[in-house]
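J.: next one to model:
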Amino acid sequence: PTTQKKVEEDRSIAIEAAIVRIMKARKTLDHQELMTEVLRHLHFFHPNPRAVKRRIEHLIEREYLMRDENESNKYIYIS
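T.: As a prediction, this is how the structure comes out:
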């Protein structure tokens, strides 16, 4: 893979790891709070918010997180 591809892949992994760490500690967070926490944790490369949102969606698909049934902008950590 190209260097750019490798960097993007490494960043995706770092974003997902940060999301899981934050959600494991907090259990539930709304979208804005989670975004703020992730961006604060990953200050060393300032991830694009769209990339963070894609990683959240990916973690929902892989059943690490789920959306709150009553509040669609709230996420719940699934242990």
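J.: for the one helix or strand residue 52 maps to, output the C-alpha coordinates as PDB.
T.: Using DSSP states H and E, residue 52 sits in helix 49-61. Listed next in PDB are the C-alpha coordinates belonging to helix 49-61 (Å, rounded to 0.1, in the frame of the first residue of the first chain):
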ATOM      1  CA  PRO A  49     -15.200  14.900  11.700                       C
ATOM      2  CA  ARG A  50     -16.600  13.000   8.700                       C
ATOM      3  CA  ALA A  51     -14.000  10.300   9.300                       C
ATOM      4  CA  VAL A  52     -14.900  10.100  12.900                       C
ATOM      5  CA  LYS A  53     -18.600   9.700  12.000                       C
ATOM      6  CA  ARG A  54     -17.700   6.900   9.500                       C
ATOM      7  CA  ARG A  55     -15.800   5.100  12.200                       C
ATOM      8  CA  ILE A  56     -18.800   5.400  14.600                       C
ATOM      9  CA  GLU A  57     -21.000   3.900  11.900                       C
ATOM     10  CA  HIS A  58     -18.500   1.100  11.400                       C
ATOM     11  CA  LEU A  59     -18.500   0.400  15.100                       C
ATOM     12  CA  ILE A  60     -22.300   0.300  15.100                       C
ATOM     13  CA  GLU A  61     -22.200  -2.200  12.200                       C
END
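J.: each with direction, which strands does the very next helix or strand once past that helix pair with?
T.: From helix 49-61 onward toward the C-terminus, using DSSP H and E, the following helix or strand is strand 65-67. Taking DSSP bridges as the criterion, strand 65-67 forms sheet pairs with strand 74-77 (antiparallel).
J.: buried ones in the strand it pairs with?
T.: When burial is assessed from 16 or more other C-beta atoms under 10 Å, strand 74-77 yields the following buried residues: 74-75, 77. Heads up, the C-betas are built off the backbone N, CA and C, glycines and all.
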